[in-house]
Each structure stands twice: as structure tokens, then as C-alpha cells.
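A.B. asks: just coords:
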């Protein structure tokens, strides 16, 4: 079992005097990656979360990973009843960038954090080395010309969150989980329910949803001049992949990659999660060179890519089962994967 990463927990201040909790994990001297605050975080609980824990562990191997809680969430204070705006979210991000101290950072904007990351990169290109967006959009739901029925549905969701979020019955939070992480295990869903409950109360959660629905950075996106990678789940129901296409098309030179997942964010057990991490690491560090395989390893990798099991591989190569198991262990290490499913995804990505 992977050890829980050790994190530094600190606090920054915004102009109002409220504190913004932020945490740092990873190797000193590694490139800095800041996860822009998205809906309902709790930096202290992240490392124990069955949803976010694998993210923290995996990304902290390659980066100094910085995460923070927006106002009124997790360990951050203040403005619980004030509608957040793009400017207030940018103020929080700027405070954390300054407190972290690196001259330049990469930004990771997930879901509703994408517009904030886009705006910061457009306004402060001297501070941003790379921009990565996952499951995001440029304009919130209220800026997409919703029909009266669509707007009524949004209002109903927000009212449900405001009045039912903090109840002991997790049914309200589960309503959102069924759209955001439909393929999650019961343990991951339960962990997400608990972290959402810890993050903030219902009125604050509803305000955050309303504020993000009003965001619109379509005029700022074409001004982004930093290298940009846009990733999006193919079956994302919470934020359709077309919004990712629009975002990548609006940012000059942006690269787009779809992920084979129905979840809004990839889960730790999915091949899409490993692909997401590889894409981010390779994009920011340039360490995307394929592994060097021997001719025999390439032959083995090709059979793995076809989905053959150990017995079938042994029959194809004329080897004993134990020899195949040992060869696969060596191959997995070279590919940087820890399971058959991830090995299949990786070998196919490499064209093997």
C-alpha cells in the first residue's frame, strides 16, 4: 500500500484578511504545479481521500504539488454568504502563487477551476510556465444561453444543495456523484460524500455553483500565450466533451487529448488516470520519451496490447507461465504501470 504523502500545510492572506489554506507535497526543486481550487476541496483531507489521494500521490512524484481551499471551504475562512466572482477567485490563486514563492508555476485547472486558470494565465504569462485544463469550460452554464427549462433545472439543483447538503442523509451529495463519477466504487463514492460534507455547508456550496455558472472567459482565452494542454473524458456527463473542444480551439496552439473515461475526473483505478498523469508529466517536464524495449519485450508488449492473458502469451511465445510472469513484471516496470489494465492502455498508446 502506498504511503500517504507528507504535506506542508500553510496559510496565505487575501486583502480582506481572510486566510487561504494551502498545502505542498513532492520533491523540493521539482517543477511547481498548482491545482487551482475547484468545487468543494479540503486540503487536509485530500491525502486520505480515495478520490484525490491517488492524484496527490502520483503527481507529487514529479512535481512540487500545491493545492488550496477557496474561501469558505476546507480550512480557508470567510465570505461564506458572498457570491464569488472571477476576481475573488483570481485573488485567492494569486495569494497562493506568491506564498509558494516559485518564480513560475504550471497551473492545473480542473472542471470549474478552468476559467480561473485561463484568466490567470492570460493576465500573468510571466508567472505561468504551462497550463493544463481537465474537464473544463470557458463559460458557465448561465452563459451558454440556457432554455427556460434548463435554467429551471439548474435552479432546482442549487436549491437542493442549499437546503439538503448538510443533512445526515447523503442522498443529495450522491445525486451529484452519480453524474461526476458514475464509474466509482462504493468506497470512492462514500469518500467523496464525506469530503464534500467536510468542505462547506449547503448555502456556501450552492453559492459556489451559482458563481461558477456565471463565469465567462471567452474573451481572455485567445490571449493565453503559454503552452496549453486540454484533457477531457470522452463520456463526461457533467461537462460534455464539446466544451473541451471549444476551449482548446480558443487558446492559441493548445493541444487536445480525450481520455477514455465516463467520469468527470479520472479515478485511480482507471487506465485513463495513468494516461492523464503521463500526459501532464510529459507535457510539463518534457519527459515523454517512450521506454527503450528489447525486441523480446516489444513482442511481449504487442501481445499485452492485444489483451491476451498470461496463458495465451505463454502459448504464443512457447514459454513457461512463470517465465511470462517474470517478463511481465520487468515490462510493467519499464512502462511505469502497476496493473494489466494500465499495461494494455500504455502499450496501445505507444503503438505496440
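C.D. replies: It's in. Keep in mind that what you see is a predicted model, and the values were worked out from it rather than measured. Residues are numbered from 1 along each chain as shown.
A.B. asks: which ones are touching the residue nearest in space to the middle of the chain?
C.D. replies: Computing the C-alpha centroid of the chain and ranking residues by Cα atoms, centre = their mean puts residue 110 first, at 4.9 Å. Residues in contact with residue 110, defined by Cβ atoms under 8 Å, 6 or more residues apart in numbering, are 35, 36, 38, 133, 134, 135, 136, 265. (Glycine included, C-beta is placed from N, CA and C.)
A.B. asks: at 6 Å instead, please
C.D. replies: By Cβ atoms under 6 Å, 6 or more residues apart in numbering, the contact list for residue 110 reads 38, 134.
A.B. asks: For this structure, which segments count as helices?
C.D. replies: For the chain, the helices defined by DSSP state H occupy 43-46, 53-60, 86-100, 114-123, 148-164, 171-180, 186-199, 202-213, 241-250, 271-285, 295-305, 310-317, 321-335, 340-349.
A.B. asks: how about the first one: buried residues?
C.D. replies: In this case it means helix 43-46. Neighbour-count burial for helix 43-46, counted by 16 or more other Cβ atoms under 10 Å, picks out 43, 45, 46.
A.B. asks: Quick check: the gap between residue 321 and residue 314.
C.D. replies: Distance, residue 321 to residue 314, using Cβ to Cβ, to the nearest Å: 5 Å.
A.B. asks: The two - which one has more neighbours?
C.D. replies: Per other Cβ atoms under 10 Å, whichever of residue 321 and residue 314 has more neighbours is residue 314, with 19 against 12.
A.B. asks: For the more buried one, report the pLDDT, please.
C.D. replies: For residue 314, the model assigns a pLDDT of 92.
A.B. asks: Spatially nearest residue to it, not counting backbone neighbours?
C.D. replies: Nearest residue to residue 314 in three dimensions, chain neighbours excluded: residue 324, at 4.7 Å (Cβ to Cβ, 6 or more residues apart in numbering).
A.B. asks: I'd say that neighbour and residue 308 touch.
C.D. replies: No - counting by Cβ atoms under 6 Å, residue 324 does not reach residue 308; the two are 10.1 Å apart.
A.B. asks: rewinding a little: okay, the helices of the chain, which one's buried deepest?
C.D. replies: helix 114-123 (a mean of 26; mean count of other Cβ atoms under 10 Å).
A.B. asks: quick one: pLDDT of the nearest residue to residue 266 once chain neighbours are set aside?
C.D. replies: Leaving aside its sequence neighbours, residue 266 sits nearest to residue 273 (Cβ to Cβ, 6+ apart; 3.9 Å). For residue 273, the pLDDT comes out at 94.
A.B. asks: got the contact list for the closest residue to residue 298 other than its chain neighbours?
C.D. replies: Distances taken as Cβ to Cβ, 6+ apart place residue 352 nearest to residue 298, at 6.5 Å, with adjacent residues excluded. Each residue near residue 352 by Cβ under 6 Å, 6+ apart is listed here: 301, 302, 305.
A.B. asks: Likewise for residue 63?
C.D. replies: With Cβ under 6 Å, 6+ apart, residue 63 has these contacts: 26, 30, 31, 33.
A.B. asks: Buried ones among these?
C.D. replies: 26, 31, 33.
A.B. asks: nearest residue to the first one other than its sequence neighbours?
C.D. replies: This points to residue 26. Distances taken as Cβ to Cβ, 6+ apart place residue 60 nearest to residue 26, at 3.9 Å, with adjacent residues excluded.
A.B. asks: I'd guessed the one you found sits against residue 24; true?
C.D. replies: No - using Cβ under 6 Å, residue 60 is not in contact with residue 24; the gap is 9.1 Å.
A.B. asks: Find the residues that touch each one of these two.
C.D. replies: Listed as contacting both residue 60 and residue 24 by Cβ under 6 Å, 6+ apart is no residue at all.
A.B. asks: quick one: contacts for residue 243?
C.D. replies: For residue 243, the contact set (Cβ under 6 Å, 6+ apart) comprises residue 137.
A.B. asks: could you redo the last one with a cut-off of 8 Å?
C.D. replies: By Cβ under 8 Å, 6+ apart, the residues touching residue 243 are 136, 137, 138, 232.
A.B. asks: same thing with residue 223?
C.D. replies: residue 122.
A.B. asks: With the one 3 residues further on instead?
C.D. replies: With contacts taken as Cβ under 8 Å, 6+ apart, residue 226 has the following neighbours: 121, 125, 128, 129, 130, 131.
A.B. asks: Counting neighbours, which of those end up buried?
C.D. replies: Going by neighbour count (16+ other Cβ under 10 Å), these have 121, 128, 129, 130, 131 buried.
A.B. asks: any idea how far residue 36 is from the first one?
C.D. replies: When distances are taken as Cβ to Cβ, residue 121 and residue 36 turn out to be 10 Å apart.
A.B. asks: Mutual contacts of those two, please.
C.D. replies: Common neighbours of residue 121 and residue 36 (Cβ under 8 Å, 6+ apart) are residue 107.
A.B. asks: how does the chain divide up, domain by domain?
C.D. replies: Annotated domains of the chain cover 8-285, 295-349 [automatic domain parsing].
A.B. asks: distance between the ends of stretch 136-150?
C.D. replies: End-to-end span of stretch 136-150 (Cα to Cα, to the nearest Å): 19 Å.
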